[in-house]
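Q: Structure of the sequence below:
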Amino acid sequence: MADDRRRGRDGRDAASILKGAQQLRAKIHEQGIYDLPAFKQLLDELRGVPMSSEIRMAYEELVMAFPTAVGIWTRYLEAEMSAGSTDAVKAVFGRCLMQCPSVDLWFMYLKFIKKSNEARGPEGILETKQAFEFTLETIGHDIHSGPLWQEYISFLSGPKPGTPAYQALWSTGMVGGQEESTKTAAIRRTYQRAIVVPTHSLELIWKNYETFETTTAAAAGSAGGPSSAAAARQFGARVIGEQRPRFQAARMAYRERKRKMEGIDTAALPVPPGKGGPNQQEQVKLWKGFLEYERSNPQRLEAAALTQRVDLAYMQALMCLLHFPEVWYDYARWQAESGKGVEQATLCLVRAVAALPDCLLLHFALADLEEAQGNTAAAKEVYEALVKQLEPPPGVLQQQQQPNGNAEPAAAPQPAGGPIASLPPDQHALVWVQYMRFSRRIESINFARRLFIRARKARCPWQVYVASALMEWRIAQQRDVARKIFEKGLEMHDFATTPEYILEYADFLCSKCLQRETTGCLL
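A: The predicted structure follows:
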């Protein structure tokens, strides 16, 4: 029986499951093949299998393949929780919570926090309250977050006067005798935060809020005379009347928000463009429509609330569209222009290049943003990290440059390697050219020249020679230097058989002659 429990649903043992996970991830890394049915079958096999070192490694293979897949993280957490490893559970939560803003995942987090703090008394109660606030700040604008709001309100209103939980929540740091009014104010604030979020539970939360205000007014009235009761009822009715327009605006927004989210598969595995099956493009279209809707601010929210909502929408979209650079770029641009500012946009692009290390668009966007802020050293680091992948490792080039007594030329130096090194040659050229242009802007053309020498030693593509020559001609007005660069390209590399290079050189020569004729006529 024990052996049966250690096997997956198809009878495979832990070692076989791990091997299957490694093979599937190797297919992604080596061949770019995402066998989604096989991944889903593997995840199904892992259900109920006791945690072991092999099973933990199998989950690691899955989360490395799909770092924002909520379904995988929740299964991983369930397995760690079943094993009773509190430290391991905390470590997994620390890795997935912020990059996976899913209500299901955050519900698991709250359940774990509450259970962990049950025996800790007042300190545990306060920590649980902080966890609720943290959760709602992060994901409280989700359309499915209604139960989270309701559970928090129940948590605040549940403890009875005189109990340790009540004292911890409402007496800590407060003036004696003000506990009940402090509690009422806190619950009222929570309700008023919840009724402006277009969730599936909005109507129920509003009804509960009306009941809360009516009951609170009745309780306040019963403590005084008839005049106090009338004043309390008037106050309750006035507060409800003030909040009703906000609720109605949220209810109208909910209908459209629900319509915009229809058809979106929030549990889709994050795979690159073209690898997600026939429905992938439709999913991309739906997500982009939803993002546009959230940015339009249909509720006319204040800046802080709008920023929270749009930020959450982008984070949730990236859970499924992790490999789509235009979504990352759009997210960073929104942060810089309308969101939390340029600093947050920079952090967004840092995350983007970590997720898509072979996307030059995102690397260049990060460098441009750093340069625009005056952080030229940080921008230079971005370019250096790129070109170092295209240069041979230290020491290799020096060995190749030493004479070997053979007539045959030395083989082209092999680059150090990395995601950028695997791109086509024209992309390598783009890296060098962008770095040269940056160097000329920030430092001087002499630095750009030294950078061109580095590129030549790394056997750069022909486009780099053309760019360097045209920079000398058009920027530094050094026509002879430009011609020598073109000639050097013909001498050192077999560019003589590259039609594009010859055409660029011919165009340069023709432009040079035309310029001389025009100058002669003017003189």
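
Q: After the helix ranked longest in the chain, which helix or strand is next?
A: In the chain, with assignment by DSSP state H, the single longest helix is helix 226-261. Once the chain leaves helix 226-261, the next helix or strand it forms, by DSSP states H and E, is helix 280-295.

Q: So what touches that following helix?
A: With C-beta atoms under 8 Å, 6 or more residues apart in numbering as the contact definition, helix 280-295 has outside contacts at 256-257, 260-261, 263-265, 268, 271, 273-274, 276, 309-310, 313-314, 317, 320-321, 324, 327, 330, 334, 338. (Glycine included, C-beta is placed from N, CA and C.)

Q: Tell me which residues touch Thr86, please.
A: Ser116.

Q: For the buried ones among the contacts of helix 280-295, write the corresponding PyMOL selection.
A: Selecting the buried subset of these in PyMOL, with 16 or more other C-beta atoms under 10 Å as the burial test, is done by:
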select buried, resi 257+260+261+264+268+271+276+309+310+313+314+317+320+321+324+327+330+334
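
Q: related to what we said a few turns ago, now for the longest helix of the chain, which elements pack on it?
A: Contacting helix 226-261 under the criterion 3 or more C-beta pairs under 8 Å, 6 or more residues apart in numbering; DSSP states H and E are the following elements: helix 179-194, helix 202-222, helix 280-295.

Q: which stretches of this protein aren't confidently modelled?
A: Low-confidence segments of the chain, defined by pLDDT under 70: 1-12, 173-177, 220-229, 232, 395-413, 493, 512-523.

Q: change it to 80
A: Across the chain, the stretches falling below the confidence threshold (pLDDT under 80) are 1-12, 172-177, 219-233, 235-236, 339, 394-417, 492-494, 511-523.

Q: from what I can see Asp265 touches Cys320, true?
A: Yes - with contacts counted by C-beta atoms under 8 Å, Asp265 reaches Cys320, the gap being 7.1 Å.

Q: sorry, back to before: export the helices and strands packed on helix 226-261 to TSV and tack on distance to Gly489 and mean neighbour count?
A: TSV is the format used below for these (distance: least, C-beta to C-beta, whole Å; neighbours: other C-beta atoms under 10 Å):
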stretch	distance to Gly489	mean neighbour count
helix 179-194	65	16
helix 202-222	67	17
helix 280-295	42	17
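
Q: got TSV for these, with distance to Tyr465 too?
A: Listed next are the helices and strands packed on helix 226-261 as TSV, based on distance: least, C-beta to C-beta, whole Å:
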stretch	distance to Tyr465
helix 179-194	61
helix 202-222	63
helix 280-295	39
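
Q: among those, which is nearest Leu42?
A: Ranking these by proximity to Leu42 (C-beta to C-beta) places helix 280-295 first, at 20.9 Å.

Q: what's whichever helix or strand comes after that closest one in contact with?
A: Past helix 280-295, heading to the C-terminal end, the next element that is a helix or strand (DSSP H and E) is helix 303-320. Among residues not part of helix 303-320, those counted as contacts by C-beta under 8 Å, 6+ apart are 68-70, 99-102, 137-142, 196, 265-266, 268-270, 283, 287, 290-291, 294-295, 297, 301, 327-328, 330-331, 334-335, 338-340.

Q: any chance you could map the helices in the stretch 51-200 of the chain?
A: Secondary structure of the stretch 51-200 of the chain (DSSP state H, counting those that start in this stretch): helices located at 53-65, 70-83, 86-96, 103-116, 121-139, 146-157, 164-170, 179-194.

Q: Could you provide those helices in a markdown table, with additional columns for distance to Phe495?
A: Conversion of the helices of the stretch 51-200 of the chain to a markdown table gives the following (distance: least, C-beta to C-beta, whole Å):
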| stretch | distance to Phe495 |
| --- | --- |
| helix 53-65 | 41 |
| helix 70-83 | 49 |
| helix 86-96 | 49 |
| helix 103-116 | 55 |
| helix 121-139 | 55 |
| helix 146-157 | 63 |
| helix 164-170 | 76 |
| helix 179-194 | 65 |
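
Q: Out of those helices, flag the one nearest Ala416.
A: Across the helices of the stretch 51-200 of the chain, closest to Ala416 is helix 53-65 (C-beta to C-beta), at 22.8 Å.

Q: Tally up the residues packed near Lys111, please.
A: 12 (other C-beta atoms under 10 Å).

Q: Just want to check the distance between it and Met51.
A: With distances taken as C-beta to C-beta, to the nearest Å, Lys111 is found 18 Å from Met51.
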